[in-house]
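K.L.:
Sharing a sequence plus its predicted fold:
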Amino acid sequence: MDWQKLLSSDRAYMKKRQAQGDENDRAARPVTDLRNEFEKDYHRIIGSASFRRLQDKTQVFPLDRSDFVRTRLTHTLEVSSFANSLGQSIARSISENIKDPDFKDEYKSYINNILLCAGLLHDIGNPPFGHFGETSVRNWFEKNLSELRFYGVPLSNVLTEQMREDFYHFEGNAQALRLVTKLHFLIGDKGMNLTKALLGTIIKYPIASNEAGHPGKYKKMGYFYADRDIFEDIEESLGLGGCRHPLTFILEAADDIAYRTADIEDAVKKGCISYRELLSELRAVEKERAAGNERYSQQVDKLEELYGRALRDGISGPELYAVQNWIVNTQGKFISAAIYGFTAHYNEIMEGSYREDLFFGTDMEPLVWALGDIAYRYVFTSKPIYKLEIAAEVIISNLLDKFINAVLYFDTDEHSKERLLEELKDEALLEGLKERKDSGDKNEKRPGMSAVDEKLISLISENYMNVYKRCSEGKSESEKLYLRLMLVTDYICGMTDSFAKTLYQELNAVI
């Protein structure tokens, strides 16, 4: 991989303009916009409705009236900030310490801008209720895809392997790519029409759903079957060759720093874990997983030191003071560790052979692990989180029940069944169809849509409907069905927590 390709500022729509000769006209005009292409990306993102919706989406704790507990929006801003900080230091190190001869000086600002934007986008595709929402979508399809019938054929048999696995492995990361390249209405059918370098950076897992979890592969998917052409174009343009974009490692580290420290801070604020419990847990790790790690011990000592300072200074709420200040200090240590991790493995990352995160093998790796483990045991097994998980499952499952059933026979006609069976080459079903035709059974009722189904479909965003119509044109019956299922997941993923809850209540007459 080389940086010139990796930092490509090309856009899908830009190529189209150039083909039409419009670029010559633009070159003749006076330059009034001094932003580079990646800075333009930033303004497109923060001005989008999809970005604004993040303020009403859960990060970890159910949304409440507290100004302290993080939403998905505040988490996103923190990730963007950390990614930018990491990018600044790593870009400088590539230039001054590693001395990569192919790394030009202007690449430093490009990397900063790309990572700033990537942080804003990394969770933009998540459904309501955060990762609980993702799990609810996956659970619903695992339970129902083989039970539902389309012209008598189980949906799991109608769809190809990758189509099925898209729903079984449903991922907010893949939805983010879909949202910014196709669903967001800004530049025709190109979504936000962002730069390819930015799009490559947000693809966390560069594999299809039917490869996810296989030996030697990533556990999660990076793109949907419906967006395979977009993924392939990005991969070819950037010269990735099936590997992660190097900046993706930095984005992932920024996300890890943000959520692992924020979850602990929010947990202390919400009373899920006390200062003394946190200290005790960290000391336990010091004796086992981090035995002999001096930097780890120094960082735990820092927590005690801050608590003692708060007591001496008579600060109100010394426990929270100690934890909050320790979190800030720890974030700085994590940033340093991630910078070291990238530069130490620079050649492997650029070759595409590195498969670990940037904390792997550093002195801070045990603390990264410890905070994640503590958050899981004290936060994700708490009553407020259990309630959120149950609510997410009920609301999303109910919405999927209603809307999936509504779209099954949408956009079908009297010949759809014959076309479907021809596609599937199911001889037994074809023979049965022929017998019914020969018998002249005029009373056989063709499956169709009820009045309620039509009303439900009318609730779906017109923009999403237009995307379906454009993408389904000329497609097979099985792919059109797949795209209709995607239409529903697109609609639900675009909902905020409040909207999903309100819609569920309205459709179920819950007063």
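P.N.:
Thanks, I have the structure now. Residues are numbered from 1 along each chain as shown.
K.L.:
Find the residue closest to the residue positioned nearest the centre of the chain in space, skipping its chain neighbours.
P.N.:
The residue lying closest to the centre of the chain (C-alpha atoms, centre = their mean) is residue 173, at 2.4 Å. Distances taken as C-beta to C-beta, 6 or more residues apart in numbering put residue 204 closest to residue 173, at 4.8 Å, once the chain neighbours are dropped. For glycine as for every other residue, the C-beta is placed from the backbone atoms N, C-alpha and C.
K.L.:
Can you tell me how far that neighbour is from residue 219?
P.N.:
Distance of residue 204 to residue 219, computed by C-beta to C-beta, to the nearest Å: 11 Å.
K.L.:
ok, the two, which is more surrounded?
P.N.:
With neighbours defined as other C-beta atoms under 10 Å, residue 204 and residue 219 compare such that residue 204 has more, 24 against 10.
K.L.:
how about the helices in the stretch 101-250 of the chain?
P.N.:
For the stretch 101-250 of the chain, helices defined by DSSP state H, counting those that start in this stretch occupy the ranges 107-121, 130-144, 155-158, 161-168, 172-178, 196-202, 228-238, 246-270.
K.L.:
Using JSON lines, lay out those together with mean pLDDT.
P.N.:
Below are the helices of the stretch 101-250 of the chain laid out as JSON lines (pLDDT from 0 to 100):
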{"stretch": "helix 107-121", "mean pLDDT": "95"}
{"stretch": "helix 130-144", "mean pLDDT": "91"}
{"stretch": "helix 155-158", "mean pLDDT": "92"}
{"stretch": "helix 161-168", "mean pLDDT": "95"}
{"stretch": "helix 172-178", "mean pLDDT": "94"}
{"stretch": "helix 196-202", "mean pLDDT": "96"}
{"stretch": "helix 228-238", "mean pLDDT": "95"}
{"stretch": "helix 246-270", "mean pLDDT": "93"}
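K.L.:
And the ones you listed: which comes nearest residue 466?
P.N.:
Between residue 466 and the helices of the stretch 101-250 of the chain, the tightest spacing by C-beta to C-beta is seen for helix 172-178, at 14.6 Å.
K.L.:
and the closest one, what does it pack onto?
P.N.:
With contacts taken as 3 or more C-beta pairs under 8 Å, 6 or more residues apart in numbering; DSSP states H and E, helix 172-178 sits against helix 196-202, helix 477-493.
K.L.:
Just send those back as a markdown table, with mean neighbour count and distance to residue 391 too.
P.N.:
Shown next, in a markdown table, are the helices and strands packed on helix 172-178 (neighbours: other C-beta atoms under 10 Å; distance: least, C-beta to C-beta, whole Å):
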| stretch | mean neighbour count | distance to residue 391 |
| --- | --- | --- |
| helix 196-202 | 28 | 29 |
| helix 477-493 | 23 | 14 |
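K.L.:
Any chance of TSV for those, columns distance to residue 306?
P.N.:
Supplementary listing: those in TSV, determined by distance: least, C-beta to C-beta, whole Å:
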stretch	distance to residue 306
helix 196-202	35
helix 477-493	40
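K.L.:
hmm, back to that, so of the helices of the stretch 101-250 of the chain, which one's packed in deepest?
P.N.:
With neighbours taken as mean count of other C-beta atoms under 10 Å, the helices of the stretch 101-250 of the chain reach their highest mean count in helix 196-202, at a mean of 28.
K.L.:
what's the closest of the helices of the stretch 101-250 of the chain to residue 502?
P.N.:
Here helix 130-144 is closest among the helices of the stretch 101-250 of the chain (C-beta to C-beta), at 15.5 Å.
K.L.:
could I get the closest one in CSV with only the CA atoms?
P.N.:
Provided in CSV are the C-alpha atoms of helix 130-144 (Å, rounded to 0.1, in the frame of the first residue of the first chain):
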residue,chain,number,x,y,z
GLY,A,130,-26.8,1.2,20.4
HIS,A,131,-25.2,-2.2,20.2
PHE,A,132,-28.3,-3.7,21.9
GLY,A,133,-30.2,-2.6,18.8
GLU,A,134,-27.7,-4.4,16.6
THR,A,135,-28.1,-7.6,18.6
SER,A,136,-31.9,-7.3,18.4
VAL,A,137,-31.8,-7.1,14.6
ARG,A,138,-29.6,-10.1,14.3
ASN,A,139,-31.6,-12.1,16.8
TRP,A,140,-34.9,-11.4,14.9
PHE,A,141,-33.5,-12.6,11.6
GLU,A,142,-31.9,-15.7,13.1
LYS,A,143,-35.3,-16.6,14.5
ASN,A,144,-37.6,-15.6,11.6
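K.L.:
Figure out which of the helices and strands packed on helix 172-178 is closest to residue 372.
P.N.:
Among the helices and strands packed on helix 172-178, the nearest to residue 372 by C-beta to C-beta is helix 196-202 (22.1 Å).
K.L.:
The closest one - contacts with which helices or strands?
P.N.:
Judged by 3+ C-beta pairs under 8 Å, 6+ apart, helix 196-202 is in contact with helix 37-46, helix 107-121, helix 172-178, helix 228-238, helix 246-270.
K.L.:
coming back round to it: give me every residue that touches the residue nearest to the centre of the chain.
P.N.:
By C-beta atoms under 8 Å, 6 or more residues apart in numbering, residue 173 lies in contact with 122, 125, 202, 203, 204, 205, 220, 221, 222.
K.L.:
Which positions in the longest helix along the chain come out as buried?
P.N.:
Longest helix in the chain, counting residues (DSSP state H): helix 318-344. Buried residues in helix 318-344, counted by 16 or more other C-beta atoms under 10 Å: 318-323, 325-327, 329-331, 333-343.
K.L.:
just the angle between it and helix 246-270, please?
P.N.:
If you take axes from the mean of the first three to the mean of the last three C-alpha atoms, to 10 degrees, helix 318-344 sits at 170 degrees to helix 246-270.
K.L.:
what about the chain, any weak spots by pLDDT?
P.N.:
Residue ranges of the chain with pLDDT under 70: 13-31, 59-70, 186-188, 426-446, 511.
K.L.:
Break this protein down into its domains, please.
P.N.:
Per the record, the chain has its domains at 3-18+33-126+164-243, 273-378, by automatic domain parsing.
K.L.:
Comparing the ones you listed, which comes out most buried?
P.N.:
Neighbour counts (mean count of other C-beta under 10 Å) averaged over each of the domains of the chain peak at domain 3-18+33-126+164-243, with a mean of 19.
K.L.:
got the buried residues for stretch 467-480?
P.N.:
467, 468, 471, 472, 477, 478, 479, 480.
K.L.:
got those as TSV, with distance to residue 371 columns?
P.N.:
Formatted as TSV, the buried residues of stretch 467-480 follow (distance: C-beta to C-beta, whole Å):
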residue	distance to residue 371
467	40
468	42
471	42
472	45
477	49
478	45
479	44
480	46
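K.L.:
which residues sit against stretch 274-290?
P.N.:
When contacts are defined by C-beta under 8 Å, 6+ apart, stretch 274-290 is touched by residues 264, 268, 293, 296-297, 300, 303-304, 307, 318-320, 322-323, 366-367, 369-370, 373-374, 378.
K.L.:
typo on my end, it should be stretch 472-488
P.N.:
The contact list for stretch 472-488, computed with C-beta under 8 Å, 6+ apart, reads 150, 155, 158-160, 163, 166-167, 224-226, 400, 403-404, 407-408, 410-412, 416, 419-420, 423-424, 460, 464-465, 467-468, 471.
K.L.:
for residue 9, phi and psi?
P.N.:
phi -100, psi 10 (degrees, to the nearest 10).
K.L.:
what helices or strands is the helix or strand following the longest helix of the chain leaning on?
P.N.:
Sequence order places helix 346-351 as the next helix or strand after helix 318-344, per DSSP states H and E. For helix 346-351, the packing partners by 3+ C-beta pairs under 8 Å, 6+ apart come out as helix 246-270.
K.L.:
before we move on, back to that, let's have the helices of the stretch 101-250 of the chain in TSV, adding distance to residue 390.
P.N.:
Putting these into TSV (distance: least, C-beta to C-beta, whole Å) gives the following:
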stretch	distance to residue 390
helix 107-121	30
helix 130-144	9
helix 155-158	26
helix 161-168	22
helix 172-178	20
helix 196-202	31
helix 228-238	35
helix 246-270	18
